[in-house]
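> what's the 3D shape of this:
(one chain, ligands or ions: 2)
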Amino acid sequence: MDLEQEIGRLKRELNAVVLAHYYQESEIQDVADFVGDSLALAQQAEKTQADVIVFCGVHFMAETAKILNPRKLVLLPDLAAGCSLSDRCPPGQFQAFRQKYPDHFVVTYVNSSAAVKAMSDVICTSSNAVKIVSKIPADRKILFAPDQHLGRYVMKQTGRDMVLWPGSCMVHEIFSEKRLVQLKVEHPDAEIIAHPECEAPVLAHADYIGSTKQLLDYTGTSPKTKFIVVTEAGILHQMQQRSPGKTFLPAPPDNGCACNECPHMRLNTMDKLYRAMRDRTPKLELPPGLAEAAYAPLKRMLEWS
Ligand code: 13P
Ligand code: SF4
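Numbering: from 1, shown residues only. Ligands and ions are numbered 1, 2, ... in the order given. Take a look at the predicted model:
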């Protein structure tokens, strides 16, 4: 069966839009109507006229689409596609943590569950975190969750002090500073570009830091022709497509592998995408009231962006 053709047919039949994150396998990126970072995908989900949103990404991303479109059918090819960062911030523990800082303005990274979002004042993504935090009045104390590395990066960029939830991403914290430096010695002409979920010692070597989309855009406009890319390796597909003459080297993790893939993102496959559209399942559902509770902080982010 030609999966690409069948997915195209089902898109028309369902009036569906396929949204994909840059960490999806390249075949899924190629069949998607839109490929983007967390912010761009949320913006697309907010404005889509489609009846069905097929989200090729992880659970919190599909949840975001559902919060913005509670009456639409949102499909996620594999419901088990979670996120280590989101999982490391359970709603019950976050509620207790939050209660210790009742006067703090709560900024929550989009890589979190809908329940945690619902306890927040505003949501941010890696592409707008600095902008969002800068908009908070200087006399307000801030609590930032759940990514401590992004939080520290934002503190450095804004000069704001923040209480940090001690979370991290299993993919970005496994990059090896030693192996990164070795690769740079082998390729002294390469620029190092990194995602802000990486640990500070790794970020210290970066020539440019940004969200997946910002990294992609940077490689397109930079006069440099070689890049060491310190994030999930799926983004290299778009970088190579946009700049075929340039060289992209995935930064090595500390586990003996040559590149780093998110095991959650990679649960989605072309076959599961096709079946999800054919069978209209697995559906992303939220408990009654949760989408409404998480809407205001998410909408605030979209307005502040
Ligand atoms: P972006 O918003 O930069 O695409 O990041 C999403 C993510 O999950 C990073 O690990
Ligand atoms: Fe979550 Fe990390 Fe995977 Fe991004 S790369 S979805 S933060 S586990």
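> per-residue pLDDT, the closest residue to ligand 1 within the stretch 51-200 of the chain?
At 4.0 Å from ligand 1, residue 126 is the closest residue in the stretch 51-200 of the chain, using CB to the nearest ligand atom. Any C-beta I mention is one placed from the backbone N, CA and C, and that applies to glycine too. Confidence at residue 126, expressed as pLDDT, is 98.
> Next up, the contacts around it.
37-38, 109, 150, 195-197, 210-212 (CB atoms under 8 Å, 6 or more residues apart in numbering).
> let's go with 7 Å and repeat that
150, 195-197, 211 (CB atoms under 7 Å, 6 or more residues apart in numbering).
> Now find how far off-centre the host helix or strand of residue 271 is within its chain.
Taking DSSP states H and E as the criterion, residue 271 maps to helix 270-279. Its chain's average C-alpha position is 22 Å from that of helix 270-279, according to CA atoms, centre = their mean, to the nearest Å.
> what about the residue of the stretch 51-200 of the chain closest to ligand 1, distance to residue 292?
Using CB to CB, to the nearest Å, residue 126 is found at 26 Å from residue 292.
> One more: residue 262?
In terms of CB to CB, residue 262 sits 30 Å off from residue 292.
> Please identify which of the two sits among more neighbours.
Just comparing residue 262 and residue 292: by other CB atoms under 10 Å the higher neighbour count belongs to residue 262, 22 against 12.
> State which one residue of the stretch 1-150 of the chain is found closest to ligand 2.
Closest point on the stretch 1-150 of the chain to ligand 2, by CB to the nearest ligand atom, is residue 83, at 3.2 Å.
> Look at that residue and report its pLDDT.
Value listed for residue 83 in the pLDDT field: 98.
> what residues are up against the residue lying closest to it once chain neighbours are set aside?
Closest residue to residue 83 apart from its sequence neighbours, by CB to CB, 6 or more residues apart in numbering: residue 58 at 4.8 Å. Residues in contact with residue 58, defined by CB under 7 Å, 6+ apart, are 81-83, 264-265.
> From what I see, residue 171 and residue 263 are in contact.
No. Using CB atoms under 7 Å, residue 171 is not in contact with residue 263, being 8.1 Å away.
> Compare those two (neighbour count), which wins?
Between residue 171 and residue 263, counted using other CB under 10 Å, the more crowded position is residue 171 (24 against 11).
> Now do the SS call for that one.
The three-state assignment at residue 171 reads coil, by DSSP: H, G, I helix; E, B strand; the rest coil.
> how much space between it and residue 261?
Where residue 261 is concerned, residue 171 sits at a distance of 8 Å (CB to CB).
> between these two, what contacts are shared?
residue 232.
> Let me see the residues that make contact with stretch 97-115.
By CB under 7 Å, 6+ apart, the surrounding residues in contact with stretch 97-115 are 38, 60, 63-64, 67, 83, 85-86, 89, 91, 116-117, 119-125, 132-133, 136, 140-147, 150, 163, 165, 286, 290, 294.
> Would that stretch count as contacting ligand 1?
Yes. Stretch 97-115 comes into contact with ligand 1 (CB under 6 Å from any ligand atom), by way of residue 111.
> one step back: just to be sure, which of the contacts of stretch 97-115 are found in strands?
Applying DSSP state E to the contacts of stretch 97-115, the entries found in strands are 122-124, 141-145, 163.
> from the residues you listed, which single one is nearest residue 71?
Closest to residue 71 out of the ones in strands among the contacts of stretch 97-115 is residue 123 (20.9 Å), distances taken as CB to CB.
> picking that back up, please go through the contacts of residue 126 and note which also touch ligand 1.
For ligand 1, the contacts drawn from the contacts of residue 126 by CB under 6 Å from any ligand atom are 195, 197, 211.
> Dump those residues to CSV, plus neighbour count and pLDDT.
Below are the ones next to ligand 1 among the contacts of residue 126 laid out as CSV (neighbours: other CB atoms under 10 Å; pLDDT from 0 to 100):
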residue, neighbour count, pLDDT
195, 28, 98
197, 27, 98
211, 24, 98
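> Show me which of these is closest to ligand 2.
Distances from ligand 2 to the ones next to ligand 1 among the contacts of residue 126, taken by CB to the nearest ligand atom, are shortest for residue 197, at 6.0 Å.
> Okay, helices next: where are they in the stretch 151-300 of the chain?
Applying DSSP state H, counting those that start in this stretch to the stretch 151-300 of the chain gives helices spanning 177-186, 200-203, 212-221, 235-242, 270-279, 290-304.
> repeat for the stretch 1-150 of the chain
Under DSSP H, counting those that start in this stretch, the stretch 1-150 of the chain gives helices at 3-14, 26-31, 38-47, 59-68, 84-87, 91-99, 114-118, 129-134, 148-158.
> What lies in contact with the fifth one?
To tie it back to what came earlier, the one meant is helix 84-87. Helix 84-87 is contacted from outside by 60, 111-113, 146-147, 167-170, using CB under 7 Å, 6+ apart.
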